[in-house]
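Participant: Sequence first, predicted model second:
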Amino acid sequence: MELPKVCSRILSQLADVMRQLEPSDFARPSAALSRATIGQHVRHTLEFFICLENGIATGVVNYDNREHNEYMESNKELAQTTLERVIRFVADQKTNLPLTLEMGYERNSDAAEQVESNYWRELAYNIEHAVHHMAMIKVGLWDLAPYVKVPSDFGVAASTVRHQKMLLADR
């Protein structure tokens, strides 16, 4: 299965970008992100992976039950350490285990729906989710930290990269 390798590559891109980022810029609100911070987007992304990791132990993944750790979103070092741990988790998890995805969409109720899922499906979801937030992180970097060297495919879906290559080849 290639998903763990793809995921590790994407998360390693995030780690490389974070290493270049000054801690003060990690936690500074960006007008381009509606006053959110790069740290908030990193924390949010990592907490989804943590929910998946916890789900391996319980058999139930619930992204609504994430911690919302404000310290992680303001502390670049903690976020980097957590990112490295998540990369190891993804690399070490080799088995496609059955999981139950639990989610609640009602605003005024804690009632949860459950659907059958599995580790590979949830890992694919987390990859797409990470790429989406990395695209927003890239916008925040342009606003707050133009000194950071960002790969051209950072925050760009693989299908978009393939499409762009096809367009260039057709010219």
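Facilitator: Okay, I see it. Just so you know, these numbers come straight off a predicted model, no measurement behind them. Residues are numbered from 1 along each chain as shown.

Participant: any idea which helix is longest in this protein?
Facilitator: helix 119-144 (DSSP state H).

Participant: same for that one, what does it pack against?
Facilitator: helix 3-20, helix 38-58, strand 98-103 (3 or more C-beta pairs under 8 Å, 6 or more residues apart in numbering; DSSP states H and E). Every residue, glycine included, has its C-beta placed from N, CA and C.

Participant: my guess is Leu101 contacts Glu122, does it?
Facilitator: Yes - taking contacts as C-beta atoms under 8 Å, Leu101 lies within contact range of Glu122: 6.9 Å.

Participant: Show me which of those two is the more surrounded one.
Facilitator: Glu122 (22 against 19; other C-beta atoms under 10 Å).

Participant: which residues touch that one?
Facilitator: Going by C-beta atoms under 8 Å, 6 or more residues apart in numbering, Glu122 touches 52, 55, 61, 99, 101.

Participant: what's across from the fourth one in the sheet?
Facilitator: I take that to be Leu99. Beta-bridge partners recorded for Leu99 (DSSP bridges): Ser117.

Participant: returning to that earlier point: redo the contacts of Glu122 as CSV? Include distance to Val17.
Facilitator: Below are the contacts of Glu122 laid out as CSV (distance: C-beta to C-beta, whole Å):
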residue, distance to Val17
Leu52, 22
Gly55, 27
Val61, 27
Leu99, 30
Leu101, 29
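
Participant: joint contacts of Leu101 and Glu122?
Facilitator: Val61.

Participant: Which residues are in contact with Ser12?
Facilitator: Ile87.

Participant: quick one: pLDDT of it?
Facilitator: At Ser12, the model reports a pLDDT of 97.

Participant: for Thr160, same thing?
Facilitator: pLDDT, read off for Thr160, is 87.

Participant: what's the helix or strand harbouring it in contact with?
Facilitator: Here Thr160 sits within helix 158-169, counting by DSSP states H and E. With C-beta under 8 Å, 6+ apart as the test, helix 158-169 has contacts from 6, 153.
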